[in-house]
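Asks: Model the structure of this input:
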Amino acid sequence: MQAPDQIAQVLRALVSSEAFSATPPAKIRRPFEYLAALYRATGAGITATGNAHAWQLSRAGWQMHSYGPPAGHPDTAGAWTGASTLNRMVDMALYAHEAWFEIVSADFAPEGPDESFGAFVARHAGALAPNRADEVVAVVQNIYDFDPAERVGDIPVADREGLARMAVAFAALAVGSMRPGSLIGAKAAVAERLEDLLIGAGSWLAPQLRARLASGFGDHGALQVPMTELVSLSDALNALIWSEAEGAVRAYAPDQPYPEGNGLSEPLMTVAQAIKSDMGLRVATVDVPGWETHVNQADPFSGPARGLSEAVMAFWRDLGSWQQDVSVVVMSEFARRLRSNTAGGTDHGRGNAMMILGPQARGGRMVGAWPGLTNDALEAGADLAVVTDYRSVLSELLTVHLGLADPSQVFPGFKGSPIGLWS
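Replies: Now for the predicted structure:
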């Protein structure tokens, strides 16, 4: 540690390593980088300050300003290759220059009066994927049936702009709600609605899009498996929920009403629809925000608690006979402190409660040792003590309900004991 050439030694070790000289893996752009690349390729200008971009990026999992330092948004491929995120990328490639955003302007003029169709398409495709420009020209030519040698300046402006957007879209596809950390590494699709997993839903380009996405990704091998899964999932869903006669998604008709104005109703209806479609769903997760009660807790807490109860009960009744195959776990990553703060609320605490619902659950009781509320029983004199590791609950769910022989595959190194939640 006292060597005067410490930095030189570190640099020497890095530069001489095999990893340094190896061919770097192809980068998978995160949604914000992806959208920026689209606009750089076309020279588009952002002409308004609205939040449409932020909303569309959030649908792909890029939550602007929500990931604080030092790590920020994940930079691993696994976090960005979920089916929904990839499908949102497809949407951005198709619509980022159209009225979908309403705040973008781009000049798709020809580069000189004699620029040909082929050169025009290759120029716009090459700005994003220079090694795939010829392939994109062939794809777009097959769709538009144009003569590559014809002058592009001779066609109407609207048609030329559509041609340029198509070139950029298919070049971008030669290269997504972000997958929860708990599902990274799994074959997980993340979507608020099942139709969000349909490729090009309602677009006349949908067949060509599916064919393009299924054709391979060259050096971007990391995309091959998740994109193949997206195409397969989209095709399966298309057969289940898409009406060719109406040219639209068949609306889900629940067997029981869900509470109106409840933000949990739609995602739970999506889960119910997926279960009833019998597509092999094993695990579904739904996030329920709104539990920050640092101030005046008596007012803001009752609403979310009531909304959670009503929505979960509607979901359970909607399942009907499918209840026999379902277990519901309600949990949080933090609790509230026992003692209030000076603002009439409570700050983040330790001990919490988990709720279990299901026909195999041994219900109607509280499980776990009660630590008590005396000062000496509280952690730091303010927190309910933790007496049950949440992994014990989920491990028992995995083994008893889902039939997983070894829960250490999910919780490496954890050796919990069954606590008798499921029969």
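Asks: Moving C-terminal from the lowest-mean-pLDDT helix or strand in the chain, which element do we reach first?
Replies: None of the helices or strands of the chain scores lower by mean pLDDT, DSSP states H and E than strand 104-105, at a mean of 68. As assigned by DSSP states H and E, the chain's next helix or strand after strand 104-105 is helix 117-126.
Asks: Toward the C-terminus, what is the element adjacent to that next one?
Replies: As assigned by DSSP H and E, the chain's next helix or strand after helix 117-126 is helix 133-144.
Asks: Extract the C-alpha trace of that next one and format it as CSV.
Replies: The C-alpha atoms that make up helix 133-144 are tabulated as CSV, following Å, rounded to 0.1, in the frame of the first residue of the first chain:
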residue,chain,number,x,y,z
ALA,A,133,-28.5,-0.3,-43.5
ASP,A,134,-28.7,-2.6,-46.6
GLU,A,135,-30.9,-5.0,-44.7
VAL,A,136,-33.2,-2.2,-43.6
VAL,A,137,-33.5,-1.0,-47.2
ALA,A,138,-34.6,-4.5,-48.2
VAL,A,139,-37.2,-4.7,-45.4
VAL,A,140,-38.6,-1.2,-46.1
GLN,A,141,-38.6,-1.8,-49.9
ASN,A,142,-40.6,-5.0,-49.4
ILE,A,143,-43.2,-3.0,-47.4
TYR,A,144,-43.4,0.1,-49.6
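Asks: average pLDDT across whatever helix or strand comes next after that helix?
Replies: As assigned by DSSP H and E, the chain's next helix or strand after helix 133-144 is helix 157-172. For helix 157-172, the mean pLDDT works out to 73.
Asks: ok, now stretch 376-384?
Replies: 85.
Asks: Could you list the buried residues of that stretch?
Replies: Leu378, Ala382, Asp383, Leu384 (16 or more other Cβ atoms under 10 Å). Quick note: C-beta positions are derived from backbone N, CA and C, even for glycine.
Asks: from the chain's centre, how far out does it sit?
Replies: 38 Å (Cα atoms, centre = their mean, to the nearest Å).
Asks: Just the CA trace of it, in PDB.
Replies: Coordinates of each C-alpha in stretch 376-384 appear next as PDB, following Å, rounded to 0.1, in the frame of the first residue of the first chain:
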ATOM      1  CA  ASP A 376     -37.400  -3.000  26.600                       C
ATOM      2  CA  ALA A 377     -39.100  -5.100  23.900                       C
ATOM      3  CA  LEU A 378     -39.000  -2.300  21.300                       C
ATOM      4  CA  GLU A 379     -35.900  -1.800  19.100                       C
ATOM      5  CA  ALA A 380     -34.300   1.500  19.900                       C
ATOM      6  CA  GLY A 381     -37.400   2.200  22.100                       C
ATOM      7  CA  ALA A 382     -39.500   3.000  19.000                       C
ATOM      8  CA  ASP A 383     -39.600   0.000  16.600                       C
ATOM      9  CA  LEU A 384     -41.600  -3.200  16.800                       C
END
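Asks: List the contacts of it.
Replies: 335, 337-339, 349-352, 371, 373, 375, 385-386 (Cβ atoms under 8 Å, 6 or more residues apart in numbering).
Asks: Mind telling me the two of those residues farthest from one another?
Replies: Using Cβ to Cβ, the contacts of stretch 376-384 reach their maximum pairwise distance at Asn352 and Asn375, which is 19.9 Å.
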